[in-house]
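Engineer: I'd like to go over a predicted model; first the sequence, then the structure.
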Amino acid sequence: MPLIEVSNLVKVYPGGIRAVDDITFTVDQGEIFGFLGPNGAGKTTTIRILVTLLAPTSGRAIVDGIDVTVAPEEVRKRVGYAAQFIGVDDDLTARENLILQGRLHGLSKTEARRRGDDLLEILQLTEAADRRAGTFSGGMRRRLDLGQALSHDPELLFLDEPTIGLDPPTRRALWAYLRELNARGVTIFLTTQYLEEADSLAGRLAIIDEGAIAIEGTPQALKDDLGGDAITVTLAAGMDKSEVARVAELIGQYSDADAARTYDGAVRVFTRDAASRLADVVRTLDSAGIHVARLEVSEPTLDDVFLRHTGGKMRVEEVKPRSRMMSARKPR
Amino acid sequence: MIRTFRESSVLWGRLMRKMVRVKLLLFFALFQPLLFLLLFSQVFNRLDQLPGFAYDSYLQFLVPSIIALTALNSAFQSGIGMVTDIEDGLLDKFLIAPIRRSSILLGKVMADATRMALQALIIVGVSLIMGARFETGVLGVLMMIVLAACFGIAWAGLSNVIALRTGNGELTMMIGILITFPVLFLSTSFMPSALLPSWLDVVATFNPITYIVEAVRALVNTGWDWNAIGKAFAVTAGLAVVTFTAATAAFRKVIS
């Protein structure tokens, strides 16, 4: 039986914004399931419904066999949740924050203390255990926040953009830790706007855009779906839009999937037999007298998948903490 | 019942720990009342010579008003704390825990009450040093502190309504200052009823602060006036029903 079952879920905010528009998906026990999408796609809204912080407008969300709207408290006992915005008390030490969460999840004083010690060890915060959280770096705060979500040893972990604002080494370290958790049997549902993160962590992922799931599958299957390898033609600098469009039309005939895509100054097609098609591309461009700066054959990336299914709206924006109250409540 | 108590005690513990660690949380609401106590007791020192002023000194008259002012200030601190907890993502952390929503509010009320009681005690201590005498002794002081904390809690309901509706700590503080002064001056806090202009005397009878100040004033100066104490508790209870109904509604709106 799937651990998470979402069917025809809809969330309409007061004012008529359809943040989540009829989504259906399941997550199995032991998976790392990624929810990939741009800002405002409905990721946070979905996760907040699943962790019982937000009531759906219609549809059903079942977590571990429990309907989130029927017995929210039972769901809360079973899941850990680390929100996009870190929730630690800056005036308390790391240890005190962890103990507080443990106590709120029903652990006794001694249990909470022991669990806190374990988590400090696991998250490599032991040395900073008795320092106020307000003195922590971004990475340490993120780890502490994750520790809070794990304070009651949940079997299912919800992470909303867990690595936003972290530097690359810290991000990688967190990924390693999430994989380790998963290996120990914790099912992880995570949202991200980083393609690299989804590719590296998620066994299966869904791309969500404008409240709807555009496509779902393993990262590999989604890439295979593009129709082979990518041939990318980068044009010489100074080409205007109409020339780029002409090139796209010229080499579009070699595509085995969609029409050629244009990026700034570059055109890309997907083809099953890239090596031999490359010669055709060169000949065609040469006879048309087009000056090419760079020609490249590569395996498709999630970037390509994403662009194909969302119309190229992916962009990373750091959200300012100042606006956190509003954005946490009413995602656009 | 036991469960609610356990949950709210844990949350109370967090706020107490913060207060012990960040001393400003305890003293912030005290600065202005202490300043008023020192200045007003000097500036209006000679008021006791006015006909119709029935108290031994202006200080004796003023101490209850300062206790009430402290409760008003401390109440607005409660709302600001609520906004901070929301902004810091801590409210979400409490909402995601398998605890009752009511425990979150009760833990906060308990912490507010503890802080208000300590602050009232500090005012009493400073007043004693300044030469004030408390007619009803230790038990009377205890009653004053209970009254101040209860009234402060009722008023904190109002500050939380403003805080939850605006979602802005600075704005809550400004509105708090804006409300506190008229409310304080349109009562018998700084002038006895007999010496107020008649229109103001009428306004003062509709002002809840008047009843708290009068009850405490009796405890400080004349003795156990159960009629005044009863009225003070009744007014506080009525106020609390109104502010807490509104605060609970505002809280529900924010968390849904």
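Structural biologist: Structure received. Numbers count the residues shown, from 1 in each chain, chains lettered A, B, ... in the order given.
Engineer: dihedrals phi and psi, the residue in chain B that chain A sits nearest to?
Structural biologist: With CB to the nearest CB, the shortest gap between chain B and chain A falls at residue B:89, namely 3.0 Å. C-betas here are computed from N, CA, C, even on glycine. Phi and psi for residue B:89, reported as degrees, to the nearest 10, are phi 80, psi 10.
Engineer: count of residues packed around it?
Structural biologist: Around residue B:89 there are 21 other residues, counting by other CB atoms under 10 Å in any protein chain shown.
Engineer: need the residue closest to the centroid of the chain.
Structural biologist: Reading this off chain A. What sits nearest the mean C-alpha location of chain A, by CA atoms, centre = their mean, is residue A:192, with 1.9 Å.
Engineer: try chain B instead
Structural biologist: Central residue of chain B (CA atoms, centre = their mean): residue B:71, 1.9 Å from the mean position.
Engineer: any idea how far that one lies from residue A:78?
Structural biologist: 42 Å (CB to CB, to the nearest Å).
Engineer: do residue B:21 as well
Structural biologist: From residue B:21 over to residue A:78 the distance is 33 Å, taken as CB to CB.
Engineer: more neighbours: these two, which one.
Structural biologist: Per other CB under 10 Å, whichever of residue B:21 and residue A:78 has more neighbours is residue A:78, with 16 against 13.
Engineer: check contacts around the more buried one.
Structural biologist: Residue A:78 makes contact with A:63-64, A:66, A:154-156, according to CB atoms under 8 Å, 6 or more residues apart in numbering or on different chains.
Engineer: nearest residue to the residue nearest to the centre of chain A other than its sequence neighbours?
Structural biologist: What sits nearest to residue A:192 in space, not counting adjacent residues and going by CB to CB, 6 or more residues apart in numbering or on different chains, is residue A:198, at 5.4 Å.
Engineer: and for residue A:184, the neighbour number?
Structural biologist: Using other CB under 10 Å, residue A:184 has 7 other residues around it.
Engineer: quick check: the gap between it and residue A:153.
Structural biologist: For residue A:184, the distance to residue A:153 - CB to CB - is 10 Å.
Engineer: quick one on the thing from earlier: confidence score at the residue of chain B closest to chain A?
Structural biologist: For residue B:89, the model assigns a pLDDT of 91.
Engineer: does it touch residue A:83 like I think?
Structural biologist: Yes: counting by CB atoms under 8 Å, residue B:89 does reach residue A:83; the two are 5.9 Å apart.
Engineer: run through the bridge partners of the nearest residue to residue A:285 once chain neighbours are set aside.
Structural biologist: Distance criterion CB to CB, 6+ apart; nearest residue to residue A:285, sequence neighbours excluded, is residue A:292 at 5.7 Å. Beta bridges link residue A:292 to residue A:235, judged by DSSP bridges.
Engineer: settle this for me: residue A:292 is touching residue A:232, isn't it.
Structural biologist: No: look at residue A:292 against residue A:232 with CB under 8 Å: they stay out of range, at 10.5 Å.
Engineer: number of residues surrounding the residue nearest to residue A:192?
Structural biologist: Neighbours of residue A:198 under the rule other CB under 10 Å: 27.
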